[in-house]
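Student: my questions are about this predicted structure, shown below with the sequence.
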Amino acid sequence: MAEEATAREFDVLILGGGSAGYAAALRSVQYGLTVGLIEKAKLGGTCLHWGCIPTKAYLHAAELADEARTSSKYGINTSLESIDMAAVRGYKDGIVAGKFKGLTGLLKQKKVTVIQGEGKLVSQNEIEVDGTRYSGKNIVLASGSEAKTFGLPIGGRIMTSTEALELDYTPKSAIVLGGGVIGSEFASAWNSFGVDVTIIEGLDHLVANEDPAIIKVIEREFKKKKIKTSLGTFFEKVEDTGDGVKVTLADGKEFTAEVCLVAVGRGPVTAGLGYEEQGITLDRGFVITNERLHTGVGNIYAIGDIVPGLQLAHRGYQQGHFVAEEIAGNNPLIVEDINIPKVTFTDPEVMSVGYTEPKAKERFGEDNVETVEYNLAGNGKSSILGTGGIIKMVRQKNGPIVGVHGVGKRISEQIGEAQLIVNWEAYPEDVAAFVHAHPTQNEALGEAAMALNGHPLHG
Ligand SMILES: Cc1cc2nc3c(=O)[nH]c(=O)nc-3n(C[C@H](O)[C@H](O)[C@H](O)COP(=O)(O)OP(=O)(O)OC[C@H]3O[C@@H](n4cnc5c(N)ncnc54)[C@H](O)[C@@H]3O)c2cc1C
């Protein structure tokens with residue numbers, strides 16, 4: 001529990017201590033600004049407690065389960081005895097607790113004033129918390145997001161990702177409503193834990209925002225792992241039948257399982273927080289800002305998941321830094337959502353940054369786009385890891401690389417170079433000229449760039 005705040009006036013007053021809010025706080029104090037950070041639950045927000053970190057701990061445990069099952073093909077004879085979900089949860093809780101302690105200590109050390117409680121914007125420069133008004137020369141709204149539930153009764157067998165992370169048993173079977181990033185990651189982890197998983201997705205594909213070539217691979221790999229899917233029809237009803245759940249689709253088709261995970265997207269947390277009363281424009285609950293994240297009202301900015309666009313922790317961090325730099329008068333560079341790297345930590349993993357082939361054709365013209373697909377079958381390290389997959393690069397004809405996409409085990413590690421390529425607007429010949437260490441999956445990026453430059457080495 002934070003100490004009671006004694007200061008009431010700040011240079012920067014932030015509502016919400018998640019990824020976006022605490023990044024804005026840390027960067028602001030570096031410029032000598034005084035900062036009040038209001039948090040009603042736990043510093044670190046969704047990402048640390050109910051999002052990125054706990055899910056990735058589960059996915060790591062899931063990978064170990066798969067390794068134990070399959071390691072005999074590498075001459076290491078093991079077998080998977082059982083999954084102790086309470087212990088997996090304990091491991092996850094330990095990681096989260098450690099990071100929470102570190103973050104709390106860091107904010108204290110940097111002299112960010114943490115105000116524990118639920119805040120409401122009551123004027124253009126004041127937020128009220130438990131009857132006390134705090135003022136800020138600048139206000140930063142960072143109240144984050146929560147799972148959408150479409151009115152479904154959450155509790156017991158029907159759960160969002162938050163409840164699913166607290167299970168201390170592995171259900172025999174699960175229906176995952178939603179085949180986006182969160183649904184696909186849970187489906188992947190549960191499948192590795194031995195759960196019989198069915199994903200129900202209303203759109204025609206899993207991770208539908210990815211490049212079609214990547215989607216094709218991930219759908220094929222999920223099928224191989226016996227993750228079942230129902231694509232292209234939306235669900236209509238979800239019922240707890242007492243001994244399980246029944247999901248009815250719009251076409252009348254029914255699915256049953258022991259539990260149901262509702263992973264149908266996340267909506268902004270903005271209702272009842274006084275934003276509209278102060279003249280801030282909301283659209284379906286999201287805060288509308290200009291490209292410099294200013295709301296158009298007083299000195300009020302908005303950052304993170306409440307701003308329409310990609311709901312990712314590193315976008316929140318970036319927007320947090322951005323606004324702090326803006327307030328400090330440093331005229332920071334705008335990073336557009338299209339250039340923000342994305343990773344889906346399924347098995348196999350998906351990474352992408354920039355334009356997909358269809359989006360590039362829409363943007364630059366049908367005949368003005370070139371692509372290559374490099375198959376990981378030609379990559380030594382991928383063979384060692386026992387993974388298939390592809391790297392796909394998209395360039396503007398005679399122009400820079402505008403999209404890099406990949407699918408394969410551990411391919412998330414390649415997002416670093418991929419995002420530099422796209423953000424530095426590198427040409428294939430720039431990337432092809434650099435040396436990629438052997439044997440790494442990183443070589444696949446070099447090979448793809450060489451192929452896109454018209455001179456494949458191994459192809
Ligand atoms: C299951 C899951 C997995 C995810 N995995 C990833 C991943 O691997 N990588 C990735 O980049 N992103 C991931 N995300 C998304 C990521 O968690 C969010 O994009 C990120 O947390 C957004 O940060 P934020 O600061 O905008 O909001 P939040 O993290 O939601 O923080 C908002 C904070 O504001 C507080 N708050 C709200 N209202 C008030 C109020 N009135 N008064 C005081 N405090 C208030 C909340 O308690 C919360 O702490 C995942 C999300 C989920 C749910």
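Tutor: Yep, that arrived.
Student: which ones are touching the nearest residue to residue 276 once chain neighbours are set aside?
Tutor: Computed as Cβ to Cβ, 6 or more residues apart in numbering, the closest residue to residue 276 that is not its neighbour in sequence is residue 282, at 5.8 Å. From N, CA and C alone the C-beta is placed, and that goes for glycine too. By Cβ atoms under 8 Å, 6 or more residues apart in numbering, the residues touching residue 282 are 270, 275-276, 288.
Student: would you list those residues in JSON lines and tack on secondary structure, distance to residue 58 and neighbour count?
Tutor: Shown next, in JSON lines, are the contacts of residue 282 (DSSP: H, G, I helix; E, B strand; the rest coil; distance: Cβ to Cβ, whole Å; neighbours: other Cβ atoms under 10 Å):
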{"residue": "270", "secondary structure": "coil", "distance to residue 58": "29", "neighbour count": "21"}
{"residue": "275", "secondary structure": "coil", "distance to residue 58": "34", "neighbour count": "25"}
{"residue": "276", "secondary structure": "helix", "distance to residue 58": "37", "neighbour count": "14"}
{"residue": "288", "secondary structure": "coil", "distance to residue 58": "35", "neighbour count": "13"}
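Student: mind putting those in a markdown table, pLDDT included?
Tutor: What follows is the contacts of residue 282, written out as a markdown table (pLDDT from 0 to 100):
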| residue | pLDDT |
| --- | --- |
| 270 | 98 |
| 275 | 98 |
| 276 | 98 |
| 288 | 98 |
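Student: which one of those residues is nearest residue 299?
Tutor: residue 275 (14.5 Å; Cβ to Cβ).
Student: next up, phi/psi of residue 26, please.
Tutor: For residue 26, the backbone dihedrals (degrees, to the nearest 10) come out as phi -60, psi -40.
Student: most centrally placed residue in the protein?
Tutor: residue 312 (4.2 Å; Cα atoms, centre = their mean).
Student: pull out the buried residues from stretch 186-197.
Tutor: 186-193, 195-197 (16 or more other Cβ atoms under 10 Å).
Student: which of those fall within helices?
Tutor: 186-192 (DSSP state H).
Student: tell me the one of those residues nearest residue 404?
Tutor: For those, the nearest to residue 404 is residue 188 (22.2 Å; Cβ to Cβ).
Student: what sits against that closest one?
Tutor: Residue 188 sits in contact with 59, 62, 222, 225, 227, 345-347, where contact means Cβ under 8 Å, 6+ apart.
Student: for residue 220, which three-state class applies?
Tutor: helix (DSSP: H, G, I helix; E, B strand; the rest coil).
Student: got the confidence number for it?
Tutor: On the pLDDT scale, residue 220 is placed at 98.
Student: separation between it and residue 206?
Tutor: Residue 220 sits 11 Å away from residue 206, taking Cβ to Cβ, to the nearest Å as the criterion.
Student: ok, the two, which is more surrounded?
Tutor: Counted by other Cβ atoms under 10 Å, residue 220 and residue 206 do not tie: residue 206 has more neighbours, with 25 against 13.
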